[in-house]
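> the following block contains a protein sequence and its predicted model.
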Amino acid sequence: MNKQIHPARRWRAEPGASLSGSAVVPGDKSLSHRAFILGAMAEGETIVRGVAESEDVLRTVDAVRALGSEVERSGAEWRIAGHPWRSPDRPIDCGNSGTSARLLMGAVAGRPVAANFTGDGSLRRRPMERLTKPLRAMGARIDGGDHLPLSIAGGRLKGLRHVSATASAQVKSAILLAGLGAQGPIELVEPMPSRDHTERMLPLFGVEVESGRCAEGRLASLGRERWLRGTEISIAADPSSASFPLVAALLVPGSAVGVPNVLANPLRTGLFETLLEMGADLRFERRRTVCNEPVADLSAGTSRLRGAVVPAERAPSMIDEYPILAIAAAFAEGETAMHGLAELRFKESDRLATLAAGLAVCGVEARIEGDSLIVRGCGGPPPGGAEVETHGDHRIAMAFLVLGLGARVPVTVDRPEMIATSFPGFSPLMRALGARIGAAG
Ligand code: S3P
């Protein structure tokens, strides 16, 4: 695992230095998890380039190894040799990674193996019933309640039409992965479309998924051919990680930053759409398609932002980006109202509460109204000058460090080691652009 030997207890971000240059951001985390899991389920070899080598993804790598696959890194490539799955002799520890836990639970449910799943304190507090209920309805045997630890005994499952109460790509993907070992139709309906990476990646392995509208929302149904064959996958940069240097460039005076080769799937780019509405100088260039996914080069320059209303329908396409959007909103002129954020309460921390508290200590007026977060922008640099409690949430840590780069007074964050769960190279990358981010002791 990518652990620092003497992790600093706090990191500080200092204002005053403009940011410039090109930032090569690691591969997309969602795609990386899926590539390893599907590669492990496939017959033959799968080669993956551009993997996000973050702690969360390495949890998935450890898990598929424990489930019987051979996974090797050779240079810039990862090779996965899929083998029949076996029951691991130890619990699968997913650490902080909800995607590892939920997708792997689905995959295990459809194979003739049994596994116990656990995770760190944060993951053990996150809801699992949204997933275990449909998996049980398909015939999986699951011991445990709404939270990890849970044990699953999989096997030949029945078909299912599941209408999900939330737009969750993790729930949708878990059911599709379980469905690979089922007989009968597998249909998943969600109220609004969530990221569709599983639907786009499965055809690369030879399995078709049909997507479209239906009366209750968005439907994904698994094709009849459910045998996976190994393939080659190139993964573009993670737009969620790219958002930190790009937003920093918007907020810090005199900055211009480019991030090449960014995943530009429209179900992931809600933040960028919102920033454009707020007046951001943000450009998408060289749009192309790589392995069924839209990709583009992005660049951003310092901008005067104005507040915006972010509708609830956009939430699934930017669900991980509210922390950094709230920071952009703190610098904007006027109010930004973000609606439909109920799901933020179930992330690595209760992000609604963590964000509102962090903004308040940094001198930014923010309030929670029902499932909405309203931020009153400072029309320029916010005060800062505080220590923000991250509650062990990587995106909260990175977002408030970005705030510190443009605030009037430096900002510190606690538990910075959690950043490695998604973006281990965050601070060297930001420093290479000119940012003053470092240990605060
Ligand atoms: C993910 C889906 C989202 C997102 C998470 C990654 C995925 O979670 O927050 O970081 O890769 O499917 P939900 O499905 O719980 O919304």
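Ah, there it is.
> measure R229 to N261 for me?
27 Å (CB to CB, to the nearest Å). Glycine gets a C-beta too; all of them are placed from N, C-alpha and C.
> okay, the two: which has more neighbours?
The neighbour comparison of R229 against N261 (other CB atoms under 10 Å) goes to N261, with 21 against 14.
> now for the helix or strand where the more buried one lies, which elements pack on it?
Assigned by DSSP states H and E, N261 belongs to strand 256-263. If contacts are counted by 3 or more CB pairs under 8 Å, 6 or more residues apart in numbering; DSSP states H and E, strand 256-263 sits against strand 20-22, helix 239-251, strand 293-301.
> give the contact list for the residue lying closest to L204 once chain neighbours are set aside.
Once flanking residues are discounted, L204 sits nearest to T231: 4.7 Å by CB to CB, 6 or more residues apart in numbering. Contacts for T231 (CB atoms under 8 Å, 6 or more residues apart in numbering) come out as 42, 46-47, 204-206.
> try it again with 6 Å
Residues counted as contacts of T231 (CB atoms under 6 Å, 6 or more residues apart in numbering) are 46, 204-205.
> top of those by neighbour count?
Most surrounded of the contacts of T231: other CB under 10 Å gives T46, at 27 neighbours.
> that one reaches G230, doesn't it?
Yes - using CB atoms under 6 Å, T46 is in contact with G230, at 4.3 Å.
> who in this structure is up against the ligand?
Applying CB under 6 Å from any ligand atom, one finds that the chain approaches the ligand through 30, 99, 168-170, 173, 194-195, 319-320, 343.
> and the strands in the stretch 201-350 of the chain, which stretches?
For the stretch 201-350 of the chain, the strands defined by DSSP state E, counting those that start in this stretch occupy 209-214, 217-222, 232-234, 256-263, 281-290, 293-301, 309-310, 335-338.
> R200 is nearest to which of those?
strand 293-301 (5.9 Å; CB to CB).
> okay, the angle between the closest one and strand 256-263?
170 degrees (axes from the mean of the first three to the mean of the last three CA atoms, to 10 degrees).
> which neighbouring elements make contact with strand 293-301?
helix 239-251, strand 256-263, strand 281-290 (3 or more CB pairs under 6 Å, 6 or more residues apart in numbering; DSSP states H and E).
> turn the strands of the stretch 201-350 of the chain into JSON lines, columns for mean pLDDT.
Below are those laid out as JSON lines (pLDDT from 0 to 100):
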{"stretch": "strand 209-214", "mean pLDDT": "96"}
{"stretch": "strand 217-222", "mean pLDDT": "97"}
{"stretch": "strand 232-234", "mean pLDDT": "98"}
{"stretch": "strand 256-263", "mean pLDDT": "99"}
{"stretch": "strand 281-290", "mean pLDDT": "98"}
{"stretch": "strand 293-301", "mean pLDDT": "99"}
{"stretch": "strand 309-310", "mean pLDDT": "98"}
{"stretch": "strand 335-338", "mean pLDDT": "99"}
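> how about A356, what does it touch?
The contact partners of A356, taken as CB under 6 Å, 6+ apart, are 366, 368.
> so it, which of the three states?
At A356 the chain is in helix, as set by DSSP: H, G, I helix; E, B strand; the rest coil.
> now it: how far from the ligand?
Taking CB to the nearest ligand atom, to the nearest Å as the measure, A356 falls 19 Å from the ligand.
> quick one on the thing from earlier: most tightly surrounded among the helices and strands packed on strand 293-301?
Mean neighbour count (mean count of other CB atoms under 10 Å) peaks for helix 239-251 among these, with a mean of 28.
> which stretches of this structure form helices?
29-41, 55-66, 98-109, 121-124, 129-138, 169-179, 197-201, 239-251, 270-277, 322-331, 351-361, 394-406, 426-432 (DSSP state H).
> for V71, what are its contacts?
So V71 contacts 61, 65, 80 (CB under 6 Å, 6+ apart).
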